[in-house]
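>>> after the sequence you'll find the predicted model.
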Amino acid sequence: MYYLFGKADRKCKDCEHYRTFKYHDKSYRKCEVYGITQSEASDWKAGYDACGLFPNKENTYGRDIMELRFCNNRDPEEQIKGQISFFDIKKQEGKNGKQND
Ligand code: SF4
């Protein structure tokens, strides 16, 4: 987070991206920019030093940071979940009566 966004002289607990959730009488804390998953791997601590997105700046990467990290380890040819492939577009054009190349 610091590498991508720099640091702020505050704590994450005061950031608008810092979220707490209750589930089965237990509290979970997450940074929505880093990523909200059901895994402990995305747990966040209130006492972490805040990053440069504090208190409510937009994450301009357009996706959560866990996903970016995961994508970096992925085969670049592998399709991202939810991504439309070239073949899907061509198939849809065929259904709509457009000529395929
Ligand atoms: S966006 Fe930055 S400051 Fe805000 S909770 Fe996440 S890591 Fe902390």
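Now that the structure is in, tell me what you want to look at.

>>> so which residues on this protein come close to the ligand?
1, 12, 15, 17-18, 31, 33-34, 48, 50-51, 53-54 (C-beta under 6 Å from any ligand atom). For glycine as for every other residue, the C-beta is placed from the backbone atoms N, C-alpha and C.

>>> please redo it, this time with the cut-off set to 5 Å
M1, C12, C15, H17, Y18, C31, V33, A50, C51, L53, F54 (C-beta under 5 Å from any ligand atom).

>>> where does Q38 sit: helix, strand or coil?
coil (DSSP: H, G, I helix; E, B strand; the rest coil).

>>> which of the residues of the chain next to the ligand sit farthest apart?
Greatest spacing in those, by C-beta to C-beta: M1 and Y18 (11.9 Å).

>>> more neighbours: which of the two?
Y18 (22 against 18; other C-beta atoms under 10 Å).

>>> let's see the pLDDT reported for the most centrally placed residue in the chain.
Geometric centre of the chain, nearest residue: D64, 1.3 Å, by C-alpha atoms, centre = their mean. Per-residue pLDDT puts D64 at 90.

>>> would you say K22 is within a helix?
No. When the secondary structure is assigned by three-state DSSP, K22 falls in strand instead of a helix.

>>> hang on, isn't W44 packed against V33?
No. The pair W44 / V33 is not scored as a contact, 9.7 Å apart, by C-beta atoms under 8 Å.

>>> returning to what we had before: and for M1 and Y18, which residues touch both?
C31 (C-beta atoms under 8 Å, 6 or more residues apart in numbering).

>>> quick one: low-confidence residue ranges for this protein.
71-81, 85-87, 98-101 (pLDDT under 70).

>>> how about the strands in it?
For the chain, the strands defined by DSSP state E cover 7-11, 18-23, 26-31, 49-51.

>>> just put those in JSON lines and tack on distance to R69.
Shown next, in JSON lines, are the strands of the chain (distance: least, C-beta to C-beta, whole Å):
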{"stretch": "strand 7-11", "distance to R69": "19"}
{"stretch": "strand 18-23", "distance to R69": "19"}
{"stretch": "strand 26-31", "distance to R69": "13"}
{"stretch": "strand 49-51", "distance to R69": "15"}
